[in-house]
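The following comprises the amino acid sequence and a computationally predicted model.
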Amino acid sequence: VNITKYKDRNPNKTERERFHPQEIALLWEHKNDRYYQTILMLIYSGVRVSELLDLKKENVHLEERYFDVVDSKTANGIRKVPIAAKVLPFYEGWYNDCSSCEYLIHTMDSEHFTYHNYYGTFYDRNHTHPNMGYTFRAVGSGLDMPLSWPSSDKDMIDASVSEYLDSSTPFCAYYMTFSG
């Protein structure tokens, strides 16, 4: 079977840009910041953001320098992931700083860190909200604003408020802001 004819035919494929060496060097300049550490942990492991955030300590094997991804979208996603020596101190720091935390990556309040991709496709909102009668806007779904990290709730409001505020039509606006 010649599988090369199927190359680039994944309809769900998302084009991503790789980090440039200068960008990675900039991240390393902030290596003492725990949240920059998580970005470096992602870069050096290649796992999805959700896979790192959902990583339980019981699946982290520091001495053997690997962790198990035990939950994934596909069966092929279940795997052992090596921990690069360069970022091992970050894993150790997250692991040891909260003895009561179930998850490796956690909030300052020792809670499970969750992930919101800030796009309308999160929880299929781009399908569910219009079906409930809403005019739905999100980054990538009709909301014209640059996506940056961290994003500003004010920027989102500024980019959308003119759609309804000056309208003579009654409205109800619901914002799912970046901060929650």
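Okay, I see it.

Residues in a beta bridge with the residue nearest to V47 when sequence neighbours are not counted, which ones?
Once flanking residues are discounted, V47 sits nearest to V81: 5.9 Å by Cβ to Cβ, 6 or more residues apart in numbering. C-beta coordinates here come from the backbone N, C-alpha and C atoms, glycine included. For V81, the beta-bridge partners are F67 (DSSP bridges).

these two touch, right, V81 and R65?
No - under the criterion of Cβ atoms under 8 Å, V81 makes no contact with R65, lying 10.0 Å away.

Between those two, which has more neighbouring residues?
Ranked by neighbour count (other Cβ atoms under 10 Å), V81 and R65 place V81 first, with 19 against 14.

any low-confidence regions in the chain?
1, 3, 6-13, 114-127, 129, 133, 147-152, 176-180 (pLDDT under 70).

Give me the most central residue, it.
V49 (4.5 Å; Cα atoms, centre = their mean).

Please report how far the residue nearest to V47 lies from G93.
Distance of V81 to G93, computed by Cβ to Cβ, to the nearest Å: 18 Å.

go on, S50?
For S50, the distance to G93 equals 21 Å [Cβ to Cβ].

Number of residues surrounding R18?
The tally of other residues near R18 (other Cβ under 10 Å) stands at 8.

One more: the one 4 residues further on?
Applying the criterion other Cβ under 10 Å, we find 7 residues in the vicinity of Q22.

and it, what element?
helix 21-28 (DSSP states H and E).

which helices and strands sit right next to the longest helix along the chain?
Secondary structure assigned by DSSP state H gives helix 34-45 as the longest helix of the chain. If contacts are counted by 3 or more Cβ pairs under 8 Å, 6 or more residues apart in numbering; DSSP states H and E, helix 34-45 sits against helix 21-28, helix 49-53, helix 88-96.

Any chance of CSV for these, columns distance to F113?
Below are the helices and strands packed on helix 34-45 laid out as CSV (distance: least, Cβ to Cβ, whole Å):
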stretch, distance to F113
helix 21-28, 18
helix 49-53, 5
helix 88-96, 10
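
quick one, which of those is packed in tightest?
Mean neighbour count, computed with mean count of other Cβ atoms under 10 Å, is highest for helix 49-53 among these, reaching a mean of 18.

and that helix, what other elements does it pack with?
helix 34-45.

report the angle between the axes of the helix it packs on and helix 88-96?
Inter-element angle recorded for helix 34-45 and helix 88-96: 120 degrees (by axes from the mean of the first three to the mean of the last three Cα atoms, to 10 degrees).

buried ones in helix 34-45?
Y36, Q37, T38, I39, L40, M41, L42, Y44, S45 (16 or more other Cβ atoms under 10 Å).

could I have it exported to PDB, CA atoms only?
This file holds the C-alpha atoms of helix 34-45, laid out as PDB (Å, rounded to 0.1, in the frame of the first residue of the first chain):
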ATOM      1  CA  ARG A  34       6.600  28.400  36.900                       C
ATOM      2  CA  TYR A  35       4.300  29.200  34.000                       C
ATOM      3  CA  TYR A  36       7.200  29.700  31.500                       C
ATOM      4  CA  GLN A  37       8.400  26.300  32.800                       C
ATOM      5  CA  THR A  38       5.200  24.700  31.700                       C
ATOM      6  CA  ILE A  39       5.700  26.000  28.200                       C
ATOM      7  CA  LEU A  40       9.200  24.600  28.100                       C
ATOM      8  CA  MET A  41       7.900  21.300  29.500                       C
ATOM      9  CA  LEU A  42       5.400  21.300  26.600                       C
ATOM     10  CA  ILE A  43       8.000  22.100  24.000                       C
ATOM     11  CA  TYR A  44      10.500  19.500  25.200                       C
ATOM     12  CA  SER A  45       7.900  16.700  25.600                       C
END
